[in-house]
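1. structure for the following, please:
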Amino acid sequence: MILKRSGKASLAVTILLLVFLSAGCALRYEPAPEYSPQLPDGHYIVDYVIDGDTIVAGEKRVRLLGINTPEEGEYFYNESTVALMAMIEDKAVIMEKDETDKDRYGRLLRYIFLEDFFINLELVYRGFANVYTYPPDTAYNEVLLQAEEHAREKKIGLWKESEYDGIEIMLNYNAPGDDRVNLNGEYVILKNVSGSPVNLTGWTIKDMATKIYRFPRFVLDNGRKVYIHSGKGTDTGTRLYWNSDTPVWNNDGDTLYLRDCKGALVGFYSY
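-> As a prediction, this is how the structure comes out:
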């Protein structure tokens, strides 16, 4: 889905912005943590925003580095997309590269600056994006993580807490042997210690990137555990299967996000 600033889209954007502002959303900016841009590679006009972390500027498709925002159909997709539109669409920005020039889809990988305003950082600081650490492109990783800690402490945007608690999260991210072969040796464990059954239907588990598992119809009784294996298998009352063809969890660091059926954050696990 591409949101362009044409007639109907402009009306939709205006309505969403009014909703954000009336809710106290973070489009009223305060200074974010300080940063120092390095050797910008030129100014470009932002033609349009595709989603919360992808734009077209100077007829070039650009993926914002160091962050990840929701995909279409996920919680907070519209909010993050509109926020980025409000910040930079039709404006001249500076694009700065890190170590990697393009991703596997041919998109430029860049940090985006609007004068002295660090867009990638602001999206994280205001809860519209999570940090996405992808070595070797880590020039601003430390300051982005600080911004994420701020958003998490404020419980804003993607860090809005669910009404559910009492779900313990455990993760075996390094399967014995070759992860690519032993996919089911990689698994998440959820344990219900809430004191009552919890309906997990429609809940999601997501990694730091874009891999997402959506629960089928499933109720987790109090005191019980459920295993979610990365590979293929037949679901049972205690074991569910992601049916991924590749490993889900990076052995050198990742983050698991558990969200309820409304998209609110139940818990996360970082390593």
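
2. now stretch 227-242: buried residues?
-> For stretch 227-242, the neighbour count (16 or more other C-beta atoms under 10 Å) marks 227-231, 235, 240-242 as buried. (Glycine included, C-beta is placed from N, CA and C.)

3. other residues contacting that stretch?
-> When contacts are defined by C-beta atoms under 8 Å, 6 or more residues apart in numbering, stretch 227-242 is touched by residues 175, 183-184, 186-190, 205, 213, 215-216, 218, 224-226, 243-244, 247-249.

4. let's see 7 Å
-> With contact meaning C-beta atoms under 7 Å, 6 or more residues apart in numbering, stretch 227-242 is reached by 183-184, 186-189, 205, 213, 216, 225-226, 243-244, 247-248.

5. which of those residues has the most neighbours?
-> For these, the largest neighbour count, defined by other C-beta atoms under 10 Å, is 26 neighbours, found at residue 248.

6. got the confidence number for that one?
-> With respect to pLDDT, residue 248 scores 98.

7. and if you look at residue 40?
-> 49.

8. from residue 99, how far off is residue 208?
-> Separation of residue 208 from residue 99 (C-beta to C-beta, to the nearest Å) stands at 18 Å.

9. quick one: the helices in the stretch 1-150 of the chain, in order.
-> Using DSSP state H, counting those that start in this stretch, the helices of the stretch 1-150 of the chain run over 7-22, 77-88, 119-125, 141-154.

10. least confident of the ones you listed, on average?
-> Taking the mean pLDDT of these, helix 7-22 comes last: a mean of 42.

11. okay, strands next: where are they in the stretch 1-150 of the chain?
-> Using DSSP state E, counting those that start in this stretch, the strands of the stretch 1-150 of the chain run over residues 43-51, 54-57, 60-64, 67-68, 92-96, 108-114, 117-118, 130-131.

12. for residue 220, give me its contacts.
-> Taking C-beta under 7 Å, 6+ apart, we find residue 220 in contact with 190, 192, 197-198, 200, 226.

13. apply 6 Å and report the result again.
-> Taking C-beta atoms under 6 Å, 6 or more residues apart in numbering as the criterion, residue 220 is in contact with 192, 198, 200, 226.

14. much appreciated, bye for now.
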